[in-house]
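# With the sequence up front, the predicted model follows.
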Amino acid sequence: MIFKTRGIVFRFTKFRETSIIVSIFTEAFGLQRYIVNGVRTKSPKNKIALYQPLTLLDMVVYHRENANIERIKEARCYYPFQTLGTDVRKSTIAMFINELLNKVVKQESHDEALFLFLSDSLQAIDKLADRFENAHLTFMIHLSRHLGFGPQFANEILGGRVADEETERILAELLRANPGQMITISHIQRRIILDLLIKFYGDHIENLGEFRSVQVLRDVLN
């Protein structure tokens, strides 16, 4: 059957000579895989840009229960990013967020509230003019709540790990912050808290593994 849904591109892989298989977190069906033919060509009608990570899509899709892979009938971007792909600091934050989502949002995830949170958060970060260097930290905290293990207190993030008084104070402030609320943090504290949040995720997500984007994130936001 054919359905309309919005979606957020997570990643794509090349398939045969000109096609891709793209993973998209949809509002209607959760995480789905689609095969898209003929997009890796030199044609001026090439639509590979629609399937770059974190692109926000309006789609018409074919969907069958328990199907391993489906097809997209129509797709268009419903919110073209203005700064997320051009500001190097924002694009680095986006790269980290994308890597995080690919690790923690599972095939069985199907939560409209999670989709709305992701869509709204990406648009909010795109619209911020300044003081967005800690956006990934508040994003991680609010995402963990949607995933079912969100902390209420700093000691839940620490999980027995030792932290100084300043780190605990900033964690408490981040826990109270709204998703779009920016907090002033030094680059040293930003590194410490990011490490703590990654370890916190590792306590709850099996086989979380290493983050390739973390070092780039540290270098760019230093």
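Structure's in. What do you need?

# Wait, a strand at T13?
Yes. The assignment for T13 is a strand, going by DSSP: H, G, I helix; E, B strand; the rest coil.

# Doesn't I20 lie inside a strand?
Yes. I20 sits within a strand when classified using three-state DSSP.

# Pretty sure it sits against G38.
No. The criterion here is Cβ atoms under 8 Å, and I20 misses it with G38 at 9.7 Å. C-betas here are computed from N, CA, C, even on glycine.

# residues contacting R131?
Contacts here follow Cβ atoms under 8 Å, 6 or more residues apart in numbering; on that basis R131 touches 182, 184.

# any idea of the pLDDT on P44?
With respect to pLDDT, P44 scores 52.

# meant to ask about S109
Listed pLDDT for S109 reads 67.

# repeat for A163
85.

# Can you give me the domain boundaries for this structure?
As given by automatic domain parsing, the domain ranges for the chain are 2-77, 88-221.

# May I see the buried residues of stretch 138-152?
Using 16 or more other Cβ atoms under 10 Å as the test for burial, stretch 138-152 gives 138-144, 146-147, 151.

# would you put the C-alpha positions of that stretch in CSV?
C-alpha atoms of stretch 138-152 as CSV (Å, rounded to 0.1, in the frame of the first residue of the first chain):
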residue,chain,number,x,y,z
THR,A,138,21.3,19.0,25.7
PHE,A,139,20.3,16.9,22.7
MET,A,140,21.8,13.8,24.3
ILE,A,141,20.0,14.3,27.5
HIS,A,142,16.6,14.8,26.0
LEU,A,143,17.2,12.0,23.5
SER,A,144,17.9,9.6,26.4
ARG,A,145,14.5,10.4,27.9
HIS,A,146,12.8,9.4,24.6
LEU,A,147,14.9,6.2,24.6
GLY,A,148,13.7,5.3,28.1
PHE,A,149,16.7,5.9,30.3
GLY,A,150,16.7,9.6,30.7
PRO,A,151,18.3,10.9,34.0
GLN,A,152,16.6,13.2,36.5
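
# residue ranges with poor pLDDT in this protein?
Residue ranges of the chain with pLDDT under 70: 42-46, 108-109, 179-180.

# Tell me where it has helices.
Along the chain, the segments classed as helices by DSSP state H run 88-104, 112-127, 135-146, 154-158, 165-176, 187-204, 214-221.

# counting contacts, what elements does the longest one pack onto?
It refers to helix 187-204. Under the contact criterion of 3 or more Cβ pairs under 8 Å, 6 or more residues apart in numbering; DSSP states H and E, helix 187-204 touches helix 135-146, helix 154-158, helix 165-176, helix 214-221.

# Same check on the last one?
If contacts are counted by 3+ Cβ pairs under 8 Å, 6+ apart, helix 214-221 sits against helix 88-104, helix 187-204.

# hey, which of the ones you listed is tucked in deepest?
helix 88-104 (a mean of 19; mean count of other Cβ atoms under 10 Å).

# and it, how far from the chain's centre?
Chain-centre distance of helix 88-104: 6 Å, with Cα atoms, centre = their mean, to the nearest Å.
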